[in-house]
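Undergrad: Fold the following, please.
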Amino acid sequence: METVQIREAKASFSALVAAAEKGRPTLVSRHGQPCALIVPVADGARLYPLEMPNLANYLLALPEPLATQRDATPRRGVDFG
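TA: Numbering: from 1, shown residues only. Model prediction:
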C-alpha cells in the first residue's frame, strides 16, 4: 500500500482515485500520522454499505400484499384534567 502526505494527495488526487479504481489503496498521512485511506469502492462498501437496508423497502419488495388485521378493540380514555 502506498503512503502519501496530504499535500501530495491534494496535488495528485485524480491519480489516487485512478489507483483505487485499479484496486490499489493509498494511505494519506498528515505530519507522519495516518489520517485517511483511499480505497476501491468494493472495499469501502464492505465497511459502509452504499444502500442501507430498511424495513419499508423490504415490505414494498414483497411479491404480494402483506395481509394484516387491525385490532378493533376500543382504546382506554385519557383524562387530561
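Undergrad: remind me, longest helix of the protein?
TA: Among the elements of type helix in the chain, defined by DSSP state H, the one spanning the most residues is helix 13-21.
Undergrad: Could you list every helix and strand that it packs against?
TA: For helix 13-21, the contact count by 3 or more C-beta pairs under 8 Å, 6 or more residues apart in numbering; DSSP states H and E identifies strand 26-30, strand 33-38 as packing neighbours. From N, CA and C alone the C-beta is placed, and that goes for glycine too.
Undergrad: quick one: Gln69 and Tyr58, what's the gap?
TA: 20 Å (C-beta to C-beta, to the nearest Å).
Undergrad: Please identify which of those two sits among more neighbours.
TA: Neighbours per residue (other C-beta atoms under 10 Å) separate Gln69 from Tyr58, with Tyr58 holding more: 9 against 5.
Undergrad: low pLDDT regions in this protein?
TA: Residues of the chain meeting the criterion pLDDT under 70: none.
Undergrad: For Val28, give its distance to Met1.
TA: With distances taken as C-beta to C-beta, Val28 is found 11 Å from Met1.
Undergrad: Comparing the two, which residue is more hemmed in?
TA: Set Val28 next to Met1 and count neighbours by other C-beta under 10 Å: Val28 wins out with 20 against 8.
Undergrad: In contact with the closest residue to the more buried one other than its chain neighbours, which residues are there?
TA: Once flanking residues are discounted, Val28 sits nearest to Ala36: 4.2 Å by C-beta to C-beta, 6 or more residues apart in numbering. Listed by C-beta atoms under 8 Å, 6 or more residues apart in numbering, the contact partners of Ala36 are Ile6, Ala9, Leu27, Val28.
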